[in-house]
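Q: One predicted model, sequence on top.
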Amino acid sequence: MKNESMNCDATQKKSTKQDRKLGKKLNKCRHLLLKHENIKPSYHSTKDIFVANGGLLNQIQHHEMVEVFGQYSGLDRVFMVEGKPYSFVSFKTSSFAEKAFKYLQAFELHDKPGPEKVVLYLLYVNDGMCNVIEWFSIG
C-alpha cells in the first residue's frame, strides 16, 4: 500500500511540474501574441486559435498544419504568417475548435528535421481575428 501511495505522489509531482511548464510556455505565447500582433488572447473558447511554434519560421508547412488540425471536424482555414514562428487556425464553430484545442495543446510534431522537437502551444483569440490577420498571411 505504501508503494502505491509513493507512486501516486511521484505522478502528481510530475504532473504538477508539467502543468507549471505548460503555464510558463503559454505565458510566453500570450506575450508574443500581444507584442507582435497586438492581440490579446481570449480566456474563453472561440473558433479561432493562435498556434505558437506552428509557423513558417519553424519550417512548418501549410499542408502540415492542415493535416494536423484537419483531423478534427470543422477546420475552416489555416493562416501562416510569413516570417513568423506561429500561425492561426480558424474552425467553423467554437465547439469544433474546443475539440482540437483539447487534443493538440502541447502536441509534438514528429519527423521534423533538426535536434529540437516542435511542440505546438495553443491560445484562443477572439472570433474574427483571423479575418483581420488573413490580409497578412499566405496559404
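A: Here it is on my side, so go on. Numbers count the residues shown, from 1 in each chain.
Q: Strands of this structure, start to end?
A: 41-42, 48-52, 75-81, 86-91, 107-109, 118-125, 137-138 (DSSP state E).
Q: between the ones you listed, which one is nearest to Thr16?
A: strand 118-125 (18.4 Å; Cβ to Cβ). (C-beta placed from N, C-alpha, C; glycine too.)
Q: Next, the angle from the closest one to strand 48-52.
A: 150 degrees (axes from the mean of the first three to the mean of the last three Cα atoms, to 10 degrees).
Q: Strand 118-125: which residues count as buried?
A: Buried residues in strand 118-125, counted by 16 or more other Cβ atoms under 10 Å: 118, 120-125.
Q: repeat for stretch 44-61
A: 46-56, 58, 60.
Q: what's the distance between Glu82 and Leu56?
A: 6 Å (Cβ to Cβ, to the nearest Å).
Q: Please disregard the earlier target; I meant Leu75.
A: 19 Å.
Q: Could you do Gly70 as well?
A: 18 Å.
Q: And the residue most central in space within the chain, how far from Phe107?
A: Nearest residue to the geometric centre of the chain (Cα atoms, centre = their mean): Leu122, 2.4 Å. Distance, Leu122 to Phe107, by Cβ to Cβ: 8 Å.
Q: coming back round to it: what is the nearest of the buried residues of stretch 44-61 to Leu32?
A: For these, the nearest to Leu32 is Ala52 (6.6 Å; Cβ to Cβ).
Q: tally of neighbours for the closest residue to Tyr72 other than its chain neighbours?
A: Counting by Cβ to Cβ, 6 or more residues apart in numbering, Ala100 is the residue found nearest to Tyr72 once chain neighbours are left out, at 4.0 Å. Ala100 is flanked by 23 other residues according to other Cβ atoms under 10 Å.
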